[in-house]
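>>> Would you be able to build a 3D model of this:
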Amino acid sequence: MIYVEGFVAPVPNANKEAYRKHAADAVPLFKEFGATRMVEMWGDDVPDGKVTDFKRSVRAIGDENVIFSWLEYPSRAARDAATDKIMSDPRMKAMGASMPFDGQRMIVGGFAAILDDSGGGRMGYADGYLIAVPTKNKEAYLKLAVMASEVFRDHGAVRVVEAWGDDVPTGKVTDYRRAVQATDDESVVFSWIEWPSKAVRDEGMKTSMEDPRMKHDPSGSPFDGKRMIFGGFVPLVDE
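Down below sits the predicted model:
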């Protein structure tokens with residue numbers, strides 16, 4: 001399965017177009033380094049949570065939005081090789097010197113896909129998730145994810161990806177573990193659902209939640225849903 005480099009960052013709303021251009025300019029470089037797909041998503045339906053949420057995960061302030069983005073690689077080895085090239089390529093250093101957002105608050109990490117359920121079709125909207133899961137519950141989580149993926153796909157989703165934390169560093173200001181308040185015995189999941197449009201997503205999410213297959217006892221959940229971070233995003237770049 002694919003290997004995912006996942007990103008979450010705060011970007012001033014006024015810098016939306018500058019960020020889109022910055023990301024689009026980087027696509028050829030990441031493809032040259034070995035990425036098979038680069039996706040940049042702009043926050044559209046990002047709710048405030050009682051315990052955790054996307055805005056708090058990156059300490060978003062004032063008029064800042066949140067981006068949920070990822071790079072897809074064929075393997076961890078391909079990602080690692082790309083990272084080495086990124087660190088030494090002068091073109092990337094030049095781009096890093098002119099970022100239209102605060103890179104110190106960006107969250108980044110490597111995740112190994114444990115589920116990649118795709119039926120084909122272009123993405124026009126996505127739901128993104130960050131979840132803390134007890135490491136011992138990995139198989140139970142995957143079983144639940146497979147069932148949920150079938151439901152979402154039946155109700156219009158074109159792809160569901162669940163990626164398990166594999167290279168999730170501790171940051172100086174923000175990081176994935178702090179974002180979901182993960183304990184020492186928990187791993188972080190970076191997940192998303194692709195939909196053809198927001199309209200399909202809104203209807204599909206509603207009917208998915210009403211589907212009898214999604215009815216289960218919360219006390220038997222393999223993770224703490226109160227700390228799950230979720231939100232809806234529109235694509236800025238998808239190549």
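>>> any idea whether residue 163 is helix, strand or coil?
Under DSSP: H, G, I helix; E, B strand; the rest coil, residue 163 falls in the strand class.
>>> Isn't it up against residue 113?
Yes. The pair residue 163 / residue 113 is scored as a contact, 4.8 Å apart, by C-beta atoms under 8 Å. (Each C-beta comes from the backbone N, C-alpha and C, glycine too.)
>>> Between the two, which has more neighbouring residues?
Each of residue 163 and residue 113 has its neighbours counted (other C-beta atoms under 10 Å); residue 163 has more, 26 against 17.
>>> Contact partners for the nearest residue to the more buried one once chain neighbours are set aside?
Spatial nearest neighbour of residue 163, chain neighbours left out: residue 111 (3.4 Å); criterion: C-beta to C-beta, 6 or more residues apart in numbering. For residue 111, the contacting residues are 3-6, 163-168, 188-190, by C-beta atoms under 8 Å, 6 or more residues apart in numbering.
>>> Who does residue 111 form a beta bridge with?
With DSSP bridges applied, residue 111 shows beta-bridge pairing to residue 4, residue 165.
>>> By average pLDDT, which secondary structure element in this protein comes out worst?
Least confident element among the helices and strands of the chain, by mean pLDDT, DSSP states H and E: helix 90-96 (a mean of 84).
>>> buried ones in that helix?
92, 95 (16 or more other C-beta atoms under 10 Å).
>>> correct me, but residue 69 touches residue 5?
No. In terms of C-beta under 8 Å, residue 69 does not count as a neighbour of residue 5; the distance is 9.0 Å.
>>> Give me the common contacts of residue 163 and residue 113.
Joint contacts of residue 163 and residue 113 (C-beta under 8 Å, 6+ apart) are 2, 4.
>>> roughly how far apart are residue 235 and residue 40?
Counting by C-beta to C-beta, to the nearest Å, the gap from residue 235 to residue 40 is 7 Å.
>>> More neighbours: which of those two?
Higher neighbour count among residue 235 and residue 40: residue 40, with 25 against 17, using other C-beta under 10 Å.
>>> strand partners of the strand or helix carrying that one, parallel vs antiparallel please.
Per DSSP states H and E: residue 40 is located in strand 37-45. If you go by DSSP bridges, strand 37-45 pairs up with strand 64-73 (antiparallel), strand 229-238 (antiparallel).
>>> what's the most buried one of these?
Greatest average neighbour count among the strands paired with strand 37-45 goes to strand 64-73 (a mean of 23), per mean count of other C-beta atoms under 10 Å.
>>> sorry, back to before: possible to save the contacts of residue 111 as CSV with distance to residue 23 and pLDDT?
Below are the contacts of residue 111 laid out as CSV (distance: C-beta to C-beta, whole Å; pLDDT from 0 to 100):
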residue, distance to residue 23, pLDDT
3, 20, 98
4, 16, 98
5, 14, 98
6, 15, 98
163, 20, 98
164, 25, 98
165, 24, 98
166, 24, 98
167, 22, 98
168, 22, 98
188, 23, 98
189, 24, 98
190, 18, 98
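>>> Can you tell me which of those are classed as buried?
Buried members of the contacts of residue 111, scored by 16+ other C-beta under 10 Å, are 3, 4, 5, 6, 163, 164, 165, 166, 168, 188, 189, 190.
>>> can you list those residues in TSV and add distance to residue 151?
Putting those into TSV (distance: C-beta to C-beta, whole Å) gives the following:
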residue	distance to residue 151
3	26
4	22
5	28
6	23
163	19
164	21
165	24
166	26
168	28
188	23
189	18
190	20
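>>> Out of those residues, flag the one nearest to residue 132.
Nearest to residue 132 among the buried ones among the contacts of residue 111: residue 188, at 6.1 Å, using C-beta to C-beta.
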